[in-house]
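# The sequence and its predicted three-dimensional model are supplied below.
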Amino acid sequence: LHLCCLLAYACLLRPHREVRELRWGEISEDLSQISLSGARNKGKRNRIVPIPHYVKPYLEQFKSEANVGASINVFTGKEVPYNDCFFATLWGKFKKKSQLLEPDQTMYSFRHGGALSVFEQSNSLVKLQQVMGHSSLQVSLTYLRGLEVKRLDVADMPVL
């Protein structure tokens, strides 16, 4: 569950499909990027996302404990991924016991949090759209609806 949420946040993957179905063949040998074909994601476009340094130790651990052929699922160690409800069920059990989570927090909250971080660092809607694999800027804008707008300074105002 930890790696699922980490991949949703750090690599902006959709937890219920892209993460759950992730295969070793979609991860570069040096664990530096994930390449998903259009058939493997909602946007139907090929996506290549970098893997941040803080995710690599967790992937290395999974890799050392598993069969890592190209068609092997990262989580199951077999060609077949866990069922559609696997992570949702784990999340529900964890949420009941954890005191760290907000009542409305979901696994998708990690993807949303990662999206906000990308936007805050890049200030680029186009980059956000591309890395999230969204079909339009309008979809990407929904991720930013809770972002607090920074106060304007006099220097930001139009000049005559």
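That came in fine, so what should we check first? Residues are numbered from 1 along each chain as shown.

# ok but residue 106 is inside a helix, no?
No. Assignment of residue 106 by DSSP: H, G, I helix; E, B strand; the rest coil gives coil, placing it outside any helix.

# Use 41 as the first number for this chain going forward.
Will do, 41 is the new start, and the previous item becomes residue 146.

# Dihedrals phi and psi, it?
Torsion angles at residue 146 (phi, psi; degrees, to the nearest 10) stand at phi -120, psi 180.

# Would you check that my belief about it contacting residue 131 is correct?
Yes. The pair residue 146 / residue 131 is scored as a contact, 7.3 Å apart, by C-beta atoms under 8 Å. Every residue, glycine included, has its C-beta placed from N, CA and C.

# quick one, which of the two is more surrounded?
For residue 146 and residue 131, the more surrounded residue by other C-beta atoms under 10 Å is residue 131, and the numbers stand at 21 against 16.

# In a helix, that one, correct?
Yes. Checked against three-state DSSP, residue 131 lies within a helix.

# which residues does it contact?
Counting by C-beta atoms under 8 Å, 6 or more residues apart in numbering, residue 131 makes contact with 41, 146-147.

# residue ranges of the helices in this protein, please?
Using DSSP state H, the helices of the chain run over residues 42-50, 96-104, 126-137, 148-162, 165-172, 177-182.

# Now those helices in a markdown table, please, with extra columns for mean pLDDT and distance to residue 74.
Compiled in a markdown table, the helices of the chain are given as follows (pLDDT from 0 to 100; distance: least, C-beta to C-beta, whole Å):
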| stretch | mean pLDDT | distance to residue 74 |
| --- | --- | --- |
| helix 42-50 | 95 | 8 |
| helix 96-104 | 93 | 10 |
| helix 126-137 | 93 | 17 |
| helix 148-162 | 88 | 13 |
| helix 165-172 | 85 | 11 |
| helix 177-182 | 82 | 19 |
